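>>> Let me see the structure of the following:
(one chain, ligands or ions: 1)
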Amino acid sequence: MEAIIRPDQDSAAHLVARIIAKELRAHPSLVLGLATGRTMEAVYRVLVQMHQQERLDFSLCRTFNLDEYVGLAPTDPRSYRYYMNRRLFSHVNIDKRNTHLPDGTATDLDAECCQYEEKMRRCGGIDLQLLGIGAAGHIGFNEPLSALRSRTRVKALSPATVEQNAAFFGGAANVPRRAITMGVGTILEGRRCILLATGEKKAGVIAKAVEGPITAMISATALQLHTRCTVVLDEAAASQLKAADYYRWIFENEPEWEEFRQSPNRDY
Ligand code: F6R
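A predicted model of the protein is given here:
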């Protein structure tokens with residue numbers, strides 16, 4: 001795992017978008033694992049701008065989202081399918097038939113989970129998995145005690161997650177209690193993982209996820225087992241990391257990051 005610290009939320013989101021764009025240009029039929037949530041909104045905004053201003057091409061790209069609420073139809077504005085269409089898919093030249101989310105309205109949810117895994121396999125697996133982190137440390141909806149080898153399945157949302165998402169549903173009482181989510185094991189099979197976290201509220205959980213012991217209580221700690229995982233943070237989210245100076249040195253000095261050190265001279 002490596003941690004990259006950028007001065008603020010905007011530059012952290014830009015960095016993530018530029019990493020995705022670089023991979024997409026190198027591999028136009030990239031299989032991209034996507035996340036939703038507030039943190040990702042800035043990343044999708046930059047990707048849309050890159051498409052409009054630099055012709056970043058999504059025409060061959062395939063995508064698989066991490067999760068979807070059980071019971072919400074794709075047309076429901078609170079569903080993750082709706083979020084993805086609104087924030088990214090409807091604004092770039094992606095073929096929507098190549099965009100996949102679990103179907104939270106399937107009559108047989110277990111079969112839907114198996115089929116979702118099968119679809120990923122048929123596409124050759126995830127090349128680049130984008131991740132956020134929940135207030136209690138989940139990736140996807142892998143709530144506390146999620147097995148570190150878990151696969152796509154239905155998971156009951158923890159009280160912390162229900163609370164985190166209450167605003168989108170007009171109160172905690174209206175938040176669906178279950179979701180389909182890729183498992184921790186599924187996520188770890190992605191060839192590259194990028195976790196983005198911004199803001200002071202994430203500082204405590206990021207310190208645990210990056211520098212703490214691996215535990216099923218905090219599914220993000222499992223990323224320490226991944227051979228190519230980058231955690232991109234702003235200063236606020238990095239504020240409780242013990243080795244922050246070392247992580248800053250890496251971004252400023254390692255050749256891999258050289259092209260990303262020059263900030264692009266653009267208005268987004
Ligand atoms: C969403 C997802 C979640 C979020 C996480 C952070 O698809 O998988 O793990 O990434 O809950 O959400 P925000 O960015 O809203 O803090």
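>>> tell me which parts of this protein are close to the ligand?
Residues of the chain lying near the ligand by CB under 6 Å from any ligand atom: 35-39, 66-67, 132-134, 138-140. Where C-beta positions appear, they are placed from N, C-alpha and C, glycine not excepted.
>>> List the contacts of the helix or strand containing residue 41.
Secondary structure assignment for residue 41, by DSSP states H and E: helix 38-54. Residues outside helix 38-54 that contact it (CB atoms under 8 Å, 6 or more residues apart in numbering) are 9-10, 13-14, 16-18, 20-21, 34, 56-58, 87-88, 91-93, 130, 132, 196-199, 266, 268.
>>> Listing request: residues of this structure with sub-threshold pLDDT.
Within the chain, the stretches with pLDDT under 70 are 264-268.
>>> Point to the residue nearest the middle of it.
With distances taken as CA atoms, centre = their mean, residue 131 lies nearest the centre of the chain, 2.1 Å away.
>>> three-state assignment of the closest residue to residue 238 other than its chain neighbours?
Using CB to CB, 6 or more residues apart in numbering and skipping the chain neighbours, the partner closest in space to residue 238 is residue 5 (4.5 Å). Following DSSP: H, G, I helix; E, B strand; the rest coil, the label given to residue 5 is strand.
>>> just so I have it, where are all the helices in the chain?
Remark: helices assigned in the chain by DSSP state H are 9-26, 38-54, 80-87, 109-122, 159-165, 184-188, 203-211, 244-253, 258-261.
>>> So which of those helices has the densest surroundings on average?
A comparison of the helices of the chain by mean neighbour count, using mean count of other CB atoms under 10 Å, puts helix 184-188 on top with a mean of 23.
>>> can you list the helices of the chain in a markdown table and add distance to residue 150?
Shown next, in a markdown table, are these (distance: least, CB to CB, whole Å):
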| stretch | distance to residue 150 |
| --- | --- |
| helix 9-26 | 25 |
| helix 38-54 | 22 |
| helix 80-87 | 19 |
| helix 109-122 | 11 |
| helix 159-165 | 16 |
| helix 184-188 | 5 |
| helix 203-211 | 17 |
| helix 244-253 | 29 |
| helix 258-261 | 33 |
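>>> so which of those helices comes closest to residue 172?
helix 159-165 (5.2 Å; CB to CB).
>>> quick one: that closest one to chain centroid distance?
Offset of helix 159-165 from its chain centre (CA atoms, centre = their mean, to the nearest Å): 17 Å.
>>> Who does the closest residue to the residue nearest to the centre of the chain other than its chain neighbours form a beta bridge with?
Closest residue to residue 131 apart from its sequence neighbours, by CB to CB, 6+ apart: residue 195 at 4.2 Å. Residue 195 has these beta-bridge partners by DSSP bridges: residue 131, residue 231.
>>> Isn't the residue nearest to the centre of the chain up against residue 193?
Yes - in this structure, residue 131 is within contact of residue 193 by CB atoms under 8 Å, at 6.1 Å.
>>> any residues in contact with both of the two?
Shared contacts of residue 131 and residue 193 (CB under 8 Å, 6+ apart): 187, 223.
>>> quick one, the helix holding residue 41 and helix 9-26 angle?
Counting by axes from the mean of the first three to the mean of the last three CA atoms, to 10 degrees, helix 38-54 lies at 50 degrees to helix 9-26.
>>> so who does residue 119 touch?
With CB under 8 Å, 6+ apart, residue 119 has these contacts: 64, 100.
>>> let me redo that: residue 158
Residue 158 makes contact with 136, 138, 143, 144 under the criterion CB under 8 Å, 6+ apart.
>>> if we take those residues, which one ends up nearest to the ligand?
residue 138 (5.4 Å; CB to the nearest ligand atom).
>>> number of nearby residues for that closest one?
Using other CB atoms under 10 Å, residue 138 is surrounded by 27 other residues.
>>> and the gap between it and residue 203?
16 Å (CB to CB, to the nearest Å).
>>> just residue 194 next, same as before
For residue 194, the distance to residue 203 - CB to CB - is 19 Å.
>>> And for residue 250?
From residue 250 to residue 203 the distance is 19 Å (CB to CB).
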